[in-house]
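Peer 1: whatever this is, show me its structure:
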Amino acid sequence: MVAVNDIYLLRNIWYHAMPSADLKRGKMVAKTLLNEPILFGRTNQGKAFAIRDLCPHRAVPLSCGWYDGETVQCCYHGWRFDEHGKCAEIPSLMPEQEMDLSRFDVRSYEVKEVQGNLWVYIPDPDRTKAQPPRFDVPRVPGFGDEVAPNVTYTMRFPCYIDHAVVGLMDPAHSPFVHRSWWWRGGTLNDEIKWFDPSPYGFTMRRHQMPEHMGRGYWLIGGLPENEIIFYLPGVRTEETTTPKNRVVNLTTVTPLTDDQTDVTFQLYWDIPWGNLLKPILPTLIRSFLGQDRDVVIKQQEGLKHESVLRLIKDSDTLARWYYQLKKEYQRSQDESREFVTPVKTQLLKWRA
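Peer 2: The predicted structure follows:
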C-alpha cells in the first residue's frame, strides 16, 4: 500500500525545464517550477540562464519587465539584473549615493543545455540544505550532445507529479487506456522482462520485442530490440533499435505546482526518411498522451475519497520502486549521506 497524501517535491536535483527551441536569443520565458517563479532567458550570445522571477524591491515579477539580451529590467522602478541574478543598476540612486548592490541580488539557478533541452537544477530553498548536483543531466543514448529532438510535444496534466510518473511507467495499462488503431488492440499477452538497478533509477534490460508489439514500432523496420531506463525525478528513455535504425523516446515529467505537471514527449531518430513522419507525429503523440491524461483526470476524482493505493506484484513493482527511490533520495539528502538504491535485479511478469 502507498499513501498518496504525502506530498513532497524532490530538491537538489535536475529537472527538465523546456526544449531549447522554446527559448530564443534575446528573449525570456517565465515558468513556475516546483511552486517557484523562475525566469529563463537567453543572452544575445546564446547562453541560457535562469533566475528567480521576482524583483527584491517590490516583489514584481521580473518577467513583466524588459530584456535587452544583456540585463532584465523591472517594470516598476527599472532595477536591472544580469544573467547571474546580480543587481546591476538602481536608476533612482543619485551619483553620490553609494550602495552595495549585491544586497539585492536574486537567486540564480544552474542551467545545462544538452541534446536540444534545457535542464535546471532546483536546490533546496533552505540554503543550509542546498547541495551541489550528485549526478549529471540524463542523456538520450546513441546521440551526441549537440543533437536536437526530431519531434517534441508537451502536455499539461492536472495532477501531482507522482501520479503522472506512475501512470506513464505503468506496464499494464496500455490495452485499456491506449486503444488506437495505430497502436495495438485490447488483447492481453504475457510479458516477462528482467529489470536491473541503474543510477537513481532502474533499467528494463535490452530485449527483442515480440510480434504483438504496438504497430507504431513496425515503422522502424522489422522486430527491433528495446531498452527502457527510468531516472529520478521523472525521466524515461526508451531506445528501440534495428540493425539499421535507432529511435529513442525521451519523456520528462516536470512538476509546476502541487497539482499541475508538464509531460514532454520527444523523439530522436536516425531514420533517413523519418522527416516524412513529422507532419503526423504531433497528432499521434497528442492522442497518446491525451489518453494518459484523461485517465489521470478520472483518477483525481477518486483520490478525493481514497488516500491509499493498493499495489500488486509484479505489474506494480515499477510504481513501488519509484516511491522507494524517491523516499531514499529524500532521506539521503536529509541525512547527508550517499544514495543507496532500493532496486534489486528482478524478473517481472505481467499481462498487457
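Peer 1: please point out which parts of stretch 274-281 sit buried.
Peer 2: Residues of stretch 274-281 classed as buried: 274, 277, 281 (neighbour count, 16 or more other CB atoms under 10 Å). Any C-beta I mention is one placed from the backbone N, CA and C, and that applies to glycine too.
Peer 1: span of it from start to end?
Peer 2: 10 Å (CA to CA, to the nearest Å).
Peer 1: again, but for stretch 208-223
Peer 2: From its first residue to its last, stretch 208-223 covers 7 Å (CA to CA).
Peer 1: let me see the mean pLDDT of stretch 164-180.
Peer 2: Mean pLDDT, stretch 164-180: 87.
Peer 1: would you mark the buried spots in it?
Peer 2: For stretch 164-180, by 16+ other CB under 10 Å, it's 164-175, 177-178.
Peer 1: would CSV of the buried residues of stretch 274-281 with pLDDT and distance to E146 be doable?
Peer 2: Output for the buried residues of stretch 274-281, formatted as CSV (pLDDT from 0 to 100; distance: CB to CB, whole Å):
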residue, pLDDT, distance to E146
G274, 89, 18
L277, 88, 22
L281, 93, 22
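Peer 1: which among those gets closest to A30?
Peer 2: Nearest to A30 among these: L281, at 28.4 Å, using CB to CB.
Peer 1: need the contact list for the closest residue in space to that closest one that isn't next to it in sequence.
Peer 2: Nearest-residue entry for L281: V151, 4.9 Å, with adjacent residues in sequence omitted and distances by CB to CB, 6 or more residues apart in numbering. Residues counted as contacts of V151 (CB atoms under 8 Å, 6 or more residues apart in numbering) are 266-267, 277-278, 281-282, 285.
Peer 1: show me the residues you listed that map onto helices.
Peer 2: Counting by DSSP state H, the part of these found in helices is 281-282, 285.
Peer 1: got the phi and psi for H16?
Peer 2: phi -70, psi 130 (degrees, to the nearest 10).
Peer 1: equivalent analysis for the one 4 residues further on, please.
Peer 2: According to degrees, to the nearest 10, the main-chain angles of S20 amount to phi -60, psi -30.
Peer 1: pretty sure it is touching A148, no?
Peer 2: Yes. Counting by CB atoms under 8 Å, A148 is a contact partner of S20 at 6.7 Å.
Peer 1: do you know the pLDDT at the residue lying farthest from the centre of the chain?
Peer 2: Note on the chain: the largest C-alpha distance from the chain mean falls to E96, namely 48.5 Å (CA atoms, centre = their mean). Looking at E96, its pLDDT stands at 94.
Peer 1: circling back: more neighbours, S20 and A148?
Peer 2: The neighbour count for S20 versus A148, taken as other CB atoms under 10 Å, is higher for S20 (18 against 14).
Peer 1: can you pick out the most distant pair from the contacts of V151?
Peer 2: Farthest-apart pair in these is Q266 and L277; separation 13.8 Å (CB to CB).
Peer 1: what mean pLDDT does stretch 201-216 have?
Peer 2: On average, stretch 201-216 scores 79.
Peer 1: to clarify, my last question referred to stretch 302-315.
Peer 2: Averaging pLDDT along stretch 302-315 gives 91.
Peer 1: what about that stretch, how long is it end to end?
Peer 2: End residues of stretch 302-315 are separated by 21 Å (CA to CA).
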